[in-house]
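Asker: Turn this into a structure:
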Amino acid sequence: MRQSLLKNTVRVLVAALLAYFLVASLPSLRRNVSKRDSIAYWSAAHLLLHGEDPYNTDVVFDLEQTQGYRDPKPLVLRTPPWSLFMVLPLGAMSAFWAWVTWVAVSLVAFVGAMHLCWKLYRNAAETPRFFWLIGYLFAPVPACLVSGQMGLVLLLGVVLFLWLEPQHPYLAGAALLLPFAKPHLLILFWLILALWILSRKRWPVLIGLASALVLVTAIALVFRPAIFLNYCEMLNRAAIGSEFIPALSGVLRLLFFHRLFWVQFIPMALAVAWSLWFYSRHRARWNWRRHGLPLLVVSILTTPYAWITDEVILIPAILQAALWIDAARNRITWRSKLAMLVFAALNALLLLILWFKIPFSTGIYFWSSLVWFGWYCYGSGFVEEPTPE
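Answerer: Next up, the predicted model:
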């Protein structure tokens, strides 16, 4: 009884302390709201609610400048029209409260995803402390929150699919609408999902996704009938092929093949070949909760367009690897402990870089996807795979 009272007292004190710092920091937060990516969500939603083009670079730039935006280039939302439903309510608020709301939604999505991950992958009755520690200190999480990006919402969609797929395929398909806001991030996932649906005849998953997609697309079209034309025009103006994308593939292209945009897709092409082999090997006993994780990790590693904030979608794989290692703690040697220390140090280094507010566009974070790939591979080494049928 006393222990429970102490825990509740500590929680109240922490909440009060956080509330105090939030209120004290409100003036500073208001001044800095234009520096968050959520300003692009607010401007797109504001324009769409008024029937205007949310992808119009000039109009978006003018609107963002009224909120104190000072960068020479506008921050334009680049996700497709079917993703606009997620940000549409933000257009009815001020830019500041839109940011506050978005951060709150992201936090709820993150906490919900963490709890579902524990239910999906736990191997003991009690939750190991490191499980929550790894999740909350995973470098892409604060990166996503600080920048106001949508990665944590996409994460929730992936975890909901893994949770719902065995018993509720329609809802599982509908949940995939969230990560489908950035379909380029999970190319391998979508490819194998399509093959799996066709081979297993899991039409309810497809129907769930298609129904949700039609519904949210209709919402965007009601506000702006020419929304897809506007989106295509924005992509043509953006000239993404000439931009530096701070993903691993983008850095490799910058170093060795600066003028050849197609080179950026070579890692993904190789990964597609690997994914087909991987699916054929495990097809007979395919389980999305187990076999879907490598697809997530390799997709993020080889995608031609991604930022560190997008890597938050890998939390299920990161946590699963940690639980595999914990389950085999009796077999862990000093070399294994050293390896885990190295991974922890690399994550800490990323957190330190974030602390010093080094912009994502510098490319200094490009190696992060290699760290998560290495961590998952290391963790999977503690699991004995059954012989393929």
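Asker: biggest helix in this protein by residues?
Answerer: Longest among the helix segments of the chain by residue count, using DSSP state H, is helix 95-121.
Asker: How far off centre is that one?
Answerer: 11 Å (CA atoms, centre = their mean, to the nearest Å).
Asker: list the helices and strands that helix packs on?
Answerer: On a contact count with 3 or more CB pairs under 8 Å, 6 or more residues apart in numbering; DSSP states H and E, helix 95-121 meets helix 26-32, helix 38-49, helix 129-137, helix 140-147, helix 151-164, helix 315-327. C-beta: built from backbone N, CA, C; applies to glycine.
Asker: How about residues contacting the very next helix or strand once past the last one?
Answerer: If you walk from helix 315-327 toward the C-terminus, the next helix or strand you reach (DSSP states H and E) is helix 334-355. Residues lying outside helix 334-355 but in contact with it, judged by CB atoms under 8 Å, 6 or more residues apart in numbering, are 137-139, 142-143, 146, 308, 325, 364-365, 368, 371, 374-375, 378.
Asker: okay, and for the stretch 101-250 of the chain, where does confidence drop off?
Answerer: 124-128, 239-244 (pLDDT under 70).
Asker: Could you pull up the residues touching the residue most central in space within the chain?
Answerer: Closest to where the C-alpha atoms of the chain average out (CA atoms, centre = their mean) is residue 151, at 3.1 Å. Residues counted as contacts of residue 151 (CB under 8 Å, 6+ apart) are 140, 144, 309-313.
Asker: Could I have the buried ones of the contacts of helix 334-355 as PyMOL selection syntax?
Answerer: The PyMOL command for the buried members of the contacts of helix 334-355 (criterion: 16 or more other CB atoms under 10 Å) is given here:
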select buried, resi 138+139+142+143+146+308+325+365+368+371+374+375+378
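Asker: Next up, identify which helix or strand residue 54 is on.
Answerer: Using DSSP H and E, residue 54 falls outside every helix and strand.
Asker: whoops, residue 173 was the one
Answerer: In the assignment (DSSP H and E), residue 173 maps to helix 169-175.
Asker: For whatever helix or strand comes next after that helix, name the packing helices and strands.
Answerer: Following helix 169-175 in sequence order, the next helix or strand is helix 187-200 (DSSP H and E). Applying 3+ CB pairs under 8 Å, 6+ apart, one finds that helix 187-200 makes contact with helix 203-223, helix 266-282, helix 288-302.
Asker: Many thanks, we can stop here.
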